[in-house]
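> Here is the input, now give the coordinates:
(one chain, ligands or ions: 1)
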Amino acid sequence: MRIEEYDAVVAGAGLSGLRTGLELSTKWNIAVISKVYPVRSHSGAAQGGINAALGNLEEGRDDTPKSHAFDTVKGSDYLADQNVVMFMCEEAPKIVVEFESMGAPFSRLESGLIAQRPFGGAGFPRTCYAGDRTGHTLLHTLYEQCIGNNVKFFDEYFLIDLIKVEEKIVGIITLDISKGELVIFRAPYVILATGGFGRIFKQSTNALINTGDGNGAAFRAGVPMQDCEFVQFHPTTLYGTNILMTEGARGEGGFLFNNIGERFMSKTAPKAMELAPRDIIARAIDIEILEGRGFENAYVHLDLTHLGEEKIKERLPGIRDISMYFAGVDPIDEPIPVQPGQHYSMGGIATKYKGDFGETDLSGLYVMGECSCLSVHGANRLGGNSLLETSVFGRAIGRNLLQRGLPELSSIEIVKKAEDNAISSIESLLKQWETNTGIVPVEIRDKMGETMNKNVGVFRKEEELKIAYEDLKNLQKSFLNVHVQTSDRKFNYGLVRTLELRNMLDIAEVSAYAALWRKESRGAHYRWDYTTRDDKKYLAHSLVYRSKEGLKLKTKPVILGIFEVKERVY
Ligand SMILES: Cc1cc2nc3c(=O)[nH]c(=O)nc-3n(C[C@H](O)[C@H](O)[C@H](O)COP(=O)(O)OP(=O)(O)OC[C@H]3O[C@@H](n4cnc5c(N)ncnc54)[C@H](O)[C@@H]3O)c2cc1C
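Purely as a prediction, here's the structure:
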């Protein structure tokens with residue numbers, strides 16, 4: 001058994017993992033593991049941009065971090081923790097300038113300043129961008145910095161489970177995918193930065209690798225999941241494939257039309273129109289479709305034709321390529337067919353109430369980025385705030401840990417015993433999967449995606465949520481007899497997909513369970529049977545745990561105090 005020893009191990013090499021790793025590597029011996037080559041991480045798919053109140057445009061001169069924080073809290077339907085939001089927005093200009101000094105090639109204004117575009121729910125144009133390939137740009141920039149700073153990468157290593165001694169983390173157990181071997185990383189600090197879990201839904205803008213692996217591992221180790229009922233459905237995904245059509249397209253002036261040529265957002269958000277927050281636009285589109293004003297009962301039009309060829313080619317080249325390749329539509333000449341699709345997970349691994357950023361109740365375990373719930377997005381995330389979250393908190397968590405210093409190590413005998421237990425339980429699980437005769441993972445995965453899509457979508461109600469929850473419990477039972485067809489462990493992607501499915505089923509079940517509990521409509525969680533927000537009962541975070549009797553839910557207070565809780569009007 002190979003054992004690697006480090007001061008800290010970061011699981012995940014997207015923007016969150018890279019920024020944390022970069023900071024920690026300035027003083028410590030650290031490892032970053034990733035199930036894919038780092039620049040294949042999903043952060044690279046981010047299109048529209050990263051928010052910071054730089055005020056580079058004339059119309060943005062009065063922008064401030066406080067306005068940014070206010071927009072974020074209002075956008076979150078007042079469920080975000082306000083102190084954490086304030087920190088993020090104050091750090092935002094510094095983090096963008098840091099990226100610039102690392103060499104990130106942002107798009108520029110004539111003046112030479114970083115270009116900014118309007119985004120949904122934002123009072124000023126504050127989204128900094130690199131064409132419509134911002135994530136790709138930032139990911140490569142950070143990766144180069146990590147290589148330059150000798151960060152030690154373990155590519156194609158799959159995090160399986162956490163190893164803890166009592167309530168203290170001592171390491172992780174991984175699968176080296178190419179060799180098919182189990183490898184232990186022993187460390188007093190583990191930082192999970194494993195990204196989102198959009199693939200619990202069938203239709204999603206997310207890469208197939210977004211399977212909630214860090215969430216599953218943390219959940220099995222007893223760390224609760226927070227606010228998982230809040231799933232963001234992006235309003236404009238390409239009809240059929242659900243590839244993202246960035247909000248930047250509407251930021252650049254794109255319009256939404258129904259089948260009678262109406263800019264229907266005038267009915268729902270007369271001021272903000274196509275730049276209302278995503279939850280509001282996704283619902284407006286689905287209503288148009290449900291009431292018969294969609295095309296083919298399935299989509300509406302995103303029209304960019306009035307922007308002109310030059311602007312589309314300069315600012316939205318990726319969107320044009322995708323529309324042409326995947327829908328046969330050139331947005332210079334024709335509108336793009338779009339429909340809402342799962343996009344982002346506002347919820348994730350719970351962090352400690354009033355702890356350090358990313359700190360969990362399991363001592364030594366920190367979480368960040370899309371797998372976590374630091375509670376900056378509340379019930380609905382504003383576009384451009386996620387890339388920001390990854391980098392601001394990656395740096396902050398790294399700095400906090402370095403300041404905190406390395407903790408006293410647990411006794412080596414006890415650690416070895418915990419490692420042996422972890423290995424033998426994983427070995428017996430893998431053997432069981434190889435010898436089982438039951439269902440193959442893809443069948444369970446399809447059924448999970450279908451029930452999530454159908455019953456835990458943009459609009460929800462009790463009966464459907466109950467169906468989803470029951471379906472998921474039954475799928476969990478089927479999973480006990482899941483069968484991995486090949487027993488050769490080298491590059492065994494059947495095995496990898498099964499490990500992923502184990503995590504997805506847990507998170508899907510949590511998501512349906514928390515959605516059943518929340519009998520109100522707030523942000524992205526809209527219930528036909530409880531159509532209004534109920535601050536008296538539900539201005540609280542949900543925390544879901546697994547107990548012997550099944551799932552259990554507790555609540556955690558929302559940190560308020562900077563902005564008054566009000567109705568959202570756009
Ligand atoms: C199409 C699209 C466009 C977007 N555009 C924007 C935008 O313009 N602006 C914005 O702010 N946000 C945007 N977002 C959201 C944003 O991109 C993500 O929330 C953010 O990049 C997540 O970063 P992360 O580092 O947390 O996770 P990721 O970038 O997903 O990285 C996760 C990492 O964890 C690793 N990993 C996962 N599981 C395991 C495992 N079991 N073992 C080992 N490693 C593992 C992966 O290999 C990967 O390296 C977009 C999202 C999508 C889907």
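
> how deep is the residue of the stretch 251-400 of the chain found nearest the ligand tucked in, by neighbour count?
Proximity of the stretch 251-400 of the chain to the ligand (Cβ to the nearest ligand atom) peaks at residue 369, 2.3 Å away. (C-beta placed from N, C-alpha, C; glycine too.) Using other Cβ atoms under 10 Å, residue 369 is surrounded by 30 other residues.

> Now do the contacts for it.
Counting by Cβ atoms under 8 Å, 6 or more residues apart in numbering, residue 369 touches 12, 14, 15, 16, 17, 193, 194, 195, 389, 390, 393, 394.

> excluding its backbone neighbours, what's nearest the fifth one?
Once its chain neighbours are removed from consideration, residue 17 has its nearest residue in residue 193; the separation is 3.6 Å (Cβ to Cβ, 6 or more residues apart in numbering).

> What residues does the stretch 301-450 of the chain have near the ligand?
Contact residues, the stretch 301-450 of the chain versus the ligand (Cβ under 6 Å from any ligand atom): 343, 344, 369, 370, 383, 384, 385, 386, 387, 390.

> same thing but at 8 Å, please
Near the ligand, the residues belonging to the stretch 301-450 of the chain are 343-344, 368-372, 383-390, 394 when assessed by Cβ under 8 Å from any ligand atom.

> before we move on, back to that, for residue 333, see how far away the residue of the stretch 251-400 of the chain closest to the ligand is.
Using Cβ to Cβ, to the nearest Å, residue 369 is found at 38 Å from residue 333.

> right, and residue 340 touches residue 234 too?
Yes - if you go by Cβ atoms under 8 Å, residue 340 and residue 234 touch, sitting 6.5 Å apart.

> Show me whatever sits in contact with both of the two.
Residues touching both residue 340 and residue 234 (Cβ under 8 Å, 6+ apart): residue 282.

> re the thing from before, pull up the gap between the residue of the stretch 251-400 of the chain closest to the ligand and residue 288, please.
Distance, residue 369 to residue 288, by Cβ to Cβ: 34 Å.

> Please work out which residues outside the host helix or strand of residue 215 touch it.
Per DSSP states H and E: residue 215 is located in helix 213-220. With Cβ under 8 Å, 6+ apart as the test, helix 213-220 has contacts from 11-12, 35, 158-162, 172, 192-195, 197, 225, 348-349, 360, 362, 365, 367, 371, 499-500, 502-504, 506-507, 510, 546.

> tell me the average confidence for the next helix or strand after that helix?
Note on helix 213-220: by DSSP H and E, the next helix or strand toward the C-terminus is strand 225-226. Averaged over strand 225-226, pLDDT sits at 98.

> Strand partners (parallel or antiparallel) of strand 225-226?
Paired with strand 225-226 in the same sheet, following DSSP bridges, are strand 348-350 (antiparallel), strand 540-547 (antiparallel).

> what's the most buried one of those strands?
The highest average neighbour count among the strands paired with strand 225-226, using mean count of other Cβ atoms under 10 Å, belongs to strand 348-350 at a mean of 29.

> can you give me the helices for the stretch 351-500 of the chain?
Using DSSP state H, counting those that start in this stretch, the helices found in the stretch 351-500 of the chain span residues 385-404, 412-435, 441-455, 462-479, 493-517.

> would you turn these into a markdown table with mean neighbour count?
Putting these into a markdown table (neighbours: other Cβ atoms under 10 Å) gives the following:
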| stretch | mean neighbour count |
| --- | --- |
| helix 385-404 | 23 |
| helix 412-435 | 14 |
| helix 441-455 | 19 |
| helix 462-479 | 17 |
| helix 493-517 | 23 |
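
> Please identify the residues of the stretch 1-150 of the chain in proximity to the ligand?
Residues of the stretch 1-150 of the chain lying close to the ligand by Cβ under 8 Å from any ligand atom are 11-18, 33-36, 38, 40-51, 127, 129, 134-135, 139.

> Show me those residues that map onto strands.
Cross-referencing those against strands under DSSP state E gives 11, 33, 34, 50, 51, 127.

> Is it possible to get CSV of the residues you listed that adds pLDDT?
CSV is the format used below for those (pLDDT from 0 to 100):
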residue, pLDDT
11, 98
33, 98
34, 98
50, 98
51, 98
127, 97
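
> ok, those vs residue 4, which is closest?
The closest of these to residue 4 turns out to be residue 33 (Cβ to Cβ; 9.2 Å).

> If I follow the layout properly, the closest one ends up in contact with residue 4?
No - using Cβ under 8 Å, residue 33 makes no contact with residue 4, being 9.2 Å away.

> Now do the shared contacts for those two.
Residues touching both residue 33 and residue 4 by Cβ under 8 Å, 6+ apart: 154, 185.

> Make a PyMOL selection of the buried ones in the residues of the stretch 1-150 of the chain next to the ligand.
This is the PyMOL syntax for the buried subset of those, where burial follows 16 or more other Cβ atoms under 10 Å:
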select buried, resi 11+12+13+14+15+16+17+18+33+34+35+36+38+40+41+42+43+44+45+46+47+48+49+50+51+127+129+134+135+139
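
> shaky segments in the chain?
Residue ranges of the chain with pLDDT under 70: none are present.
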